[in-house]
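Asker: The sequence and its predicted three-dimensional model are supplied below.
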Amino acid sequence: MKKTRAILAGLLLSSLGSLFALDGFRVGALVPVSISAQTPEAQTVELGFADAVAVTLPKNPLFIRGIEIEIKSPAMSASARMGMGYALYRKVAPTPSAQTIDYEGDQIILQTFPSKLNFVLQIPIQKNSGLKSGPYASVVNYVHDASGGPLVFRLLPVMKGLPDNIESVKFTVKVKPILAEEGGMRLKFSWPETGEKPVSVRLDDQALANPEALTILQPGEHHLSIVSDDYRNEVRVFTVERARVAEITVAMKDTTPRLTLVAPANAVIELDGLPVETLREGIAIAPGEHSVLFKIGDYEVTRAVEVEKGKDYTISMVIDVNVAETP
């Protein structure tokens, strides 16, 4: 108990520092936690009465509006809960880790526990986050800059009267990102050997000025059309999920028509009077009128085809046998 009282005395003294000023503090233990839009599930840690959790955001916290911290208190008397407090810190040094207990940083807030056993804090990471305090959560009047390093949430006693077993008491803390309602789409092109030429892109019937930039969209189904004089038109239908980016790659094809010829192995084929092999893979062909001759033994058939720019054609020789009942 002497050790516990010494810790309490030090914590009580450190908690009297000025708010929003550089504050040196010591923790019993620190738990690092990383959150992202790709892992939206809450992470749960158990903290002692003098412990802390350091929340790290990705360098580009896309689709994250804020950080939610839920604190569940163990069974304690009302006076004991009121003797506990919490603090938030930014720009903490050294970099928070499980091996370090002494830190300094800008204290954002210092508050006593509310009267209820469980409470939720929400910390915005963008100015127009849309987060509002209510019966479920309290929004901190501070916008955390993810580039400034982790946000540290610290438990500490702020008044006397804590129970004798305070060293064994554990608080359950859940940390998760608050996701935006939107998702996004990023378009990429692959170009034919002829090189890159201008295309017109429309998304949901609206012109897209910068197609390859990230486009923020509402979740749901969306329609993409790509039109060009130099390539074949392309249409895509895709679905956007909340806090996810739909990656779409479109291979642009030139407008040269291609012709595929299919016939039995023993057939003779002529294209515009010149003999050719069976062309199951297709060949490039000039727009205009062409003729194809298929011949097996004494049987032959000729077909004419008008080839248009930007279209592909398949011409097949089909030999069929009809069976009918003779009356």
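Answerer: Nice, I can see it.
Asker: Got the domain ranges for this structure?
Answerer: 2-179, 183-251, 258-316 (automatic domain parsing).
Asker: First-to-last residue distance for the second one?
Answerer: End-to-end span of domain 183-251 (C-alpha to C-alpha, to the nearest Å): 24 Å.
Asker: For it, what does the pLDDT average out to?
Answerer: Domain 183-251 shows a mean pLDDT of 94.
Asker: Please apply the same query to the longest one.
Answerer: With pLDDT averaged residue by residue, domain 2-179 scores 86.
Asker: what's the answer for the shortest one, then?
Answerer: Averaged across domain 258-316, the pLDDT comes to 87.
Asker: Can you tell me the SS state at the closest residue to Val305 other than its chain neighbours?
Answerer: With sequence-adjacent residues excluded and distances taken as C-beta to C-beta, 6 or more residues apart in numbering, Val305 is closest to His290, at 5.5 Å. Glycine gets a C-beta too; all of them are placed from N, C-alpha and C. What DSSP: H, G, I helix; E, B strand; the rest coil gives for His290 is strand.
Asker: Can you give me every residue that contacts His290?
Answerer: Each residue near His290 by C-beta atoms under 8 Å, 6 or more residues apart in numbering is listed here: Leu259, Leu271, Asp272, Ala304, Val305, Val307.
Asker: Tell me how many other residues surround the fourth one.
Answerer: By the other C-beta atoms under 10 Å criterion, the neighbourhood of Ala304 contains 8 residues.
Asker: quick one on the thing from earlier: for the domains of the chain, which one ends up most surrounded?
Answerer: With neighbours taken as mean count of other C-beta atoms under 10 Å, these reach their highest mean count in domain 2-179, at a mean of 16.
Asker: For the protein, which segments are assigned as helices?
Answerer: Listed in chain order, the helices of the chain (DSSP state H) span 2-14, 78-82.
Asker: Isn't Phe238 up against Met185?
Answerer: Yes. Taking contacts as C-beta atoms under 8 Å, Phe238 lies within contact range of Met185: 6.9 Å.
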